[in-house]
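>>> Any chance you can model this:
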Amino acid sequence: MTKFAKIVSFVFHPLLMPTLGFFILLDSSVYLSSSINPLTTKITYATIFIFTCVLPFINVWFLVNKGFAKDIYLRTRQERKLPYLFSVIYYVILYYFLKPINLPPVIYLMVLGTTIAAIITLLVNLRWKISAHMVGIGGVLGAVIGISERFMQNLNGTIIILFLIAGIIGFARLKLDAHTSSQVYAGFATGFGCLLLMMIAF
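Take a look at the predicted model:
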């Protein structure tokens with residue numbers, strides 16, 4: 001089970017969640033998929049992946065290489081401070097980088113919601129360790145439920161699958177003793193609340 005937990009933690013790494021969320025939203029929402037042409041979709045995918053995964057990973061690798069962190073998993077609260085700060089900066093840059101592309105407004109709301117969740121995670125981490133894995137999957141689930149409500153689309157199948165994945169990720173983090181149950185729940189609530197609120201309130 002420990003090996004399984006490690007695989008789950010790797011496959012559903014927080015750095016991959018924004019790209020996964022964007023993919024799920026485009027794949028499940030007729031409104032979004034029909035309003036963006038294929039080339040723009042590819043450009044947006046690439047941009048989101050670079051700013052939310054590639055660049056943050058380079059920062060983590062640099063910190064590990066320079067001895068500021070033991071490994072790329074950033075097991076301690078102290079090791080996570082700089083990577084979280086860099087992620088917030090990249091999310092802000094991403095928002096303004098995407099603005100000229102003229103995407104559907106909900107895409108920008110998703111980026112803003114993710115940025116807010118990242119800021120909250122950064123601030124909480126100053127005093128208390130929170131599960132970034134659960135922030136990530138919680139944000140994806142919140143965004144999908146928000147899209148479902150906003151455009152009156154039946155995405156129940158996707159929502160159920162995401163709830164199951166969230167449960168598996170939470171189990172994996174607890175199995176690896178990476179977090180306490182309260183840190184897992186707090187992470188999920190942070191991501192879920194920020195993205196759902198942005199999708200349905202603005």
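
>>> CA atoms for contacts and neighbours, from now on please.
Noted.

>>> Lowest mean pLDDT among the helices and strands, pick that one out for this structure.
The weakest-scoring helix or strand in the chain, judged by mean pLDDT, DSSP states H and E, is helix 30-35 (a mean of 67).

>>> Quick one: mean pLDDT over the next helix or strand after that helix.
On the C-terminal side of helix 30-35, the closest following helix or strand by DSSP states H and E is helix 38-49. For helix 38-49, the mean per-residue pLDDT is 91.

>>> residues of the next helix or strand after helix 38-49 that come out buried?
Counting by DSSP H and E, the element after helix 38-49 in chain order, helix or strand, is helix 55-65. Using 16 or more other Cα atoms under 10 Å as the test for burial, helix 55-65 gives 55-57, 59-61, 63-64.

>>> Check which helices and strands helix 55-65 is in contact with.
helix 77-98 (3 or more Cα pairs under 8 Å, 6 or more residues apart in numbering; DSSP states H and E).

>>> Quick check: buried residues in the helix it packs on?
By 16+ other Cα under 10 Å, the buried positions in helix 77-98 come out as 79-81, 83-92, 94-95, 98.

>>> Return the member of the residues you listed nearest to residue 184.
residue 80 (16.0 Å; Cα to Cα).

>>> Tell me which residue lies nearest the centroid of the protein.
The centroid of the chain falls nearest to residue 136 when counting by Cα atoms, centre = their mean (3.3 Å).

>>> got the contact list for that one?
14, 17-18, 188, 191 (Cα atoms under 8 Å, 6 or more residues apart in numbering).

>>> and if we set it to 10 Å?
In this structure, residue 136 makes contact with 12-18, 20-21, 114, 117-118, 142, 166, 187-188, 190-192, judged by Cα atoms under 10 Å, 6 or more residues apart in numbering.

>>> Quick check: which element contains it?
Here residue 136 is covered by helix 132-150, with elements defined by DSSP H and E.

>>> export that helix as PDB, just CAs?
In PDB, the C-alpha atoms belonging to helix 132-150 read as follows (Å, rounded to 0.1, in the frame of the first residue of the first chain):
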ATOM      1  CA  ALA A 132      -0.900  20.900  -1.500                       C
ATOM      2  CA  HIS A 133      -2.000  17.700  -3.100                       C
ATOM      3  CA  MET A 134      -5.500  18.200  -1.700                       C
ATOM      4  CA  VAL A 135      -5.500  21.800  -2.500                       C
ATOM      5  CA  GLY A 136      -4.900  20.800  -6.100                       C
ATOM      6  CA  ILE A 137      -7.600  18.100  -6.500                       C
ATOM      7  CA  GLY A 138     -10.000  20.100  -4.400                       C
ATOM      8  CA  GLY A 139      -9.600  23.000  -6.800                       C
ATOM      9  CA  VAL A 140     -10.200  20.800  -9.900                       C
ATOM     10  CA  LEU A 141     -13.400  19.400  -8.300                       C
ATOM     11  CA  GLY A 142     -14.600  22.900  -7.200                       C
ATOM     12  CA  ALA A 143     -14.000  24.200 -10.700                       C
ATOM     13  CA  VAL A 144     -15.900  21.300 -12.400                       C
ATOM     14  CA  ILE A 145     -18.900  21.700 -10.000                       C
ATOM     15  CA  GLY A 146     -18.800  25.400 -10.500                       C
ATOM     16  CA  ILE A 147     -18.900  25.000 -14.300                       C
ATOM     17  CA  SER A 148     -21.700  22.500 -14.000                       C
ATOM     18  CA  GLU A 149     -23.800  25.000 -12.000                       C
ATOM     19  CA  ARG A 150     -22.800  28.000 -14.100                       C
END
